[in-house]
Structures are given as structure tokens and as C-alpha cells.
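Student: Starting from these lines, generate the structure:
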Amino acid sequence: MSKTTRATLALQQAGVSFTVHAYDYDPNAERIGLQAAEALGADPNSVLKTLMVTVDGKPACAVVPSDREVNLKKLAAALGGKSAQMMKPPDAERITGYHVGGISPFGQKRRVPTVIEQSALEHVSVFINGGQRGLQVKLSPRDAASALEAKAAVLI
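Tutor: Numbering: from 1, shown residues only. Modelled structure (predicted):
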């Protein structure tokens, strides 16, 4: 497995300090983010999942704790929209350039508005997908938000 991805390159170019962590990805896991947390021995609240959505028909990205569900009404409001829905996997893969299970908010083919769950900023460090299945980057959530030009909002 390569530990250099578009996501890690984007973080390097942004001058963000991070570490790379590989784990055994289980494609049959019911909830991929929770499986990653367990495999890494990390608090599920500090392992953030990347969700691709559409808000009023336009693509966007939400970064939330793996043990929580995003509230689509709060997400839409955070981006100034009326409604949000989960993006279909083929659309998410086309827009991001990543495979489902390995979608990172960093280094996506197309930059989209991104919102990070406010509570994630309370952690000293968080894990976020590093751009391929079985790869996470550990970094400051504030650095992540800054690199993504993400808005912080209550999404859960």
C-alpha cells in the first residue's frame, strides 16, 4: 500500500503536520469509520468520516465523527441551503477521484464546500481518511479545517 496519495500530497503542499497510519480495511464492515477506529485502537469520536453530499443539488463534503450520523437539515443550513442528501457512490467517486471507503476530504479532484463538525475541533488530534482504503492521517482538527477552508458547524 502506498502511503503517498493525493490527500497526503495536498497536506504536504498546505504545510500541515500529519502522520500516516495504515490498518486492515474490512470491505464488509457495516460502518467503515467505526471499523477504522477499532483497527487503529482510537476513540470513534476522534476518527472522522468523509461524507459526500449534495446541497440544493450542488456537491459538498461533510467531515463528522465516525460514531455519529450527520443531520442533513443542519448540514444544508450550514452551507446556506434548503436541503441536503447523501451523494450516490458513483457520483462521489467521480467528483473526488477516490473510491468509496477511501474518500478523503483532502486532494479531491474537484474542490467543493466543506463543513467539519464543530465538536471535532475539541480534540487535540483526529484521524481522517488519507485517500485510500486502509489509510488514515492523524492531524490537528484545526489544521484540517484550515487546509480544507472548511466551515465549522454543528452537524449532528
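
Student: Could you give the backbone dihedrals for the spatially closest residue to residue 26 that is not a sequence neighbour?
Tutor: Leaving aside its chain neighbours, residue 26 sits nearest to residue 35 (5.1 Å; criterion: C-beta to C-beta, 6 or more residues apart in numbering). All C-beta atoms are positioned from the backbone trio N, CA, C, and that covers glycine. Per-residue torsions, residue 35: phi -70, psi -40 (degrees, to the nearest 10).

Student: The one 4 residues further on too?
Tutor: Comment: the main-chain dihedrals of residue 39 come out as phi -60, psi -30, following degrees, to the nearest 10.

Student: That one reaches residue 29, doesn't it?
Tutor: No - Residue 39 lies out of contact with residue 29 (C-beta atoms under 8 Å); the separation is 9.3 Å.

Student: So for those two, which residue has more residues nearby?
Tutor: A direct count of neighbours by other C-beta atoms under 10 Å for residue 39 and residue 29 places residue 39 higher, at 18 against 14.
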